[in-house]
Structure formats: structure tokens, C-alpha cells
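> Structure here, sequence nowhere to be found:
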């Protein structure tokens, strides 16, 4: 399995990266399977550097804030009108109401909306797509949101999604080979509850989870990312990186 960071800017696209999008790929001995975690502002353009968007096998949306899902509207256009012809319906997992939310975002009638291009499914139990097993965990955020635990042949990538502090993160990242964890806040600020993590909190979760590598992501462009990374490093005694557009992590 390998992770490619397509977009990692927090809350809105930054000068160096689109908003949230992560490409996971794995071989099953016959072919390469590709799934995307989130599709935030600007992500579809950069995604094309790393994979043909028509080759994706599924999309998993952590929640329905624009910086995690709005480029699904452009992806809808690509799949609907691509000159190669009619595309198969692509599985898209997300919170309840995903189909309605995306239809509204593109000003489509609720029915069919984007249902002819995407097969929308709500999170409930672990999902299998090719060699991937994806387990969703509800996390605290102003809208229904999920962290995801993705496993292939004993290797695990944990993804926090957007979340405030919660014990659920300990289960998401337990013994993960790589923990992709948001850190949008600084510890020195008076931060609102149940919204995001600080760099310190990301490091503390990684420590409790005994993760092998921490990758800090979703830092808003208005912050100095190195400051938040320093918080995480101080709280986690293990390999720690700051996510960057185009970075590749093979497991």
C-alpha cells in the first residue's frame, strides 16, 4: 500500500496545496487498486498528476464540508461527459445525505442528482474494496464526520478526518503504520471545542496509539505549519512529518 498526498491544506486551498485529498493504492497480484480519501477544493486537478481519475475504484468522504468534498462536483462532470463514453457508477461512501449535498452543490435536481454517475453509500460497517478494508469511526465535528482506518495485508493507515479531541482517535490509530492526523489549531490559542486538534494533541494521540509514523496534515494557510509540526514533535517520540502536496509514503 502507498499513500500519496494530493491535497493537505486546512479549511481552504493554500498557495502550495489543494484542500484535503489522499490517494491510496495497493496491488492485489492482478492489478493496482486506487481509492481517494476526500476530494476538497482543487484536489481533482492535482489528482491527475498521480492517477487517471477514471481509474479510481472508490471515494471515501470523511465529511461534507467543502474543503473535503466540493471537487466531487467537478469529478461528476468528468465522469458524466468524458469523451471515452459512459462510465460505470463509482462507489462513494460518506455521511448520510451525501447524495443530496453534492446535488445541491452543483445545483442539480435532487433526483437523479449525481446518482447516475456515483453509487452513494452511507457509513455503517467496515467496507471492502479490492484489497482495502476501510473501517469508519464517528468523530466530533460541527457536521457528521468520520475518521477512517484503512488496512491492506496487515498494514494500516489511520486518517483522523476533521475532529475535535476524542478517545475514538485512540481506536482509529492503534498500532497504525502511518497516522494521517489533522492539526489545525495551535495550543497557545483559545480554540473552540469539538472542531479541530492542536499539534500537541495530534502528537499525544499518536503516542497513545503507538503509531509507527505520524503525518501532520490539514494545517490552515494562516498558520505557520512548522510551528504546529514542532508541537507534534514535542509530544510524539517517533518519525513525524508535515504533509506536503505530492509526498508519497510506501508501506
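Yes, it's here. Here the structure is a predicted model, which means the values were calculated and not measured.
> where in this structure is pLDDT low?
Applying pLDDT under 70 to the chain flags no residue at all.
> Strands along that one, start to end?
Under the criterion DSSP state E, the chain contains strands at 2-7, 21-27, 32-37, 58-60, 90-94, 118-122, 127-129, 132-139, 145-152, 155-159, 178-182, 214-217, 240-242, 248-250.
> Compile the ones you listed into a markdown table and extend it with columns for mean neighbour count and distance to residue 165.
To be clear about C-beta, it is placed using only N, CA and C from the backbone, and glycine gets the same treatment. As requested, the strands of the chain are exported to a markdown table (neighbours: other CB atoms under 10 Å; distance: least, CB to CB, whole Å):
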| stretch | mean neighbour count | distance to residue 165 |
| --- | --- | --- |
| strand 2-7 | 24 | 24 |
| strand 21-27 | 23 | 22 |
| strand 32-37 | 21 | 21 |
| strand 58-60 | 23 | 23 |
| strand 90-94 | 22 | 23 |
| strand 118-122 | 18 | 25 |
| strand 127-129 | 15 | 26 |
| strand 132-139 | 20 | 10 |
| strand 145-152 | 23 | 12 |
| strand 155-159 | 24 | 16 |
| strand 178-182 | 28 | 11 |
| strand 214-217 | 28 | 15 |
| strand 240-242 | 20 | 19 |
| strand 248-250 | 13 | 25 |
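> so which of these gets nearest residue 101?
Closest to residue 101 of those, according to CB to CB: strand 90-94, at 8.3 Å.
> Partner strands of the closest one and their direction?
Here strand 90-94 is paired, per DSSP bridges, with strand 58-60 (parallel), strand 118-122 (parallel).
> Excluding covalently adjacent residues, which one is nearest to residue 119?
residue 89 (4.4 Å; CB to CB, 6 or more residues apart in numbering).
> since we're on the one you found, how many residues are nearby?
By the criterion of other CB atoms under 10 Å, residue 89 has 14 neighbours.
> again with residue 71
Counted with other CB under 10 Å, residue 71 comes out at 28.
> residue contacts, it?
18, 21, 39-44 (CB atoms under 8 Å, 6 or more residues apart in numbering).
> rerun that using 7 Å as the cut-off
By CB atoms under 7 Å, 6 or more residues apart in numbering, residue 71 lies in contact with 39-44.
> Including neighbour count and distance to residue 193, could the residues you listed go into CSV?
Shown next, in CSV, are the contacts of residue 71 (neighbours: other CB atoms under 10 Å; distance: CB to CB, whole Å):
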residue, neighbour count, distance to residue 193
39, 32, 27
40, 30, 23
41, 21, 26
42, 23, 29
43, 32, 28
44, 23, 33
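> Closest to residue 173 out of those residues?
residue 40 (21.4 Å).
> roughly how far apart are the residue nearest the centre of the chain and residue 160?
The C-alpha lying nearest the average C-alpha coordinate of the chain belongs to residue 37 (CA atoms, centre = their mean; 3.8 Å). Using CB to CB, to the nearest Å, one obtains 11 Å as the distance from residue 37 to residue 160.
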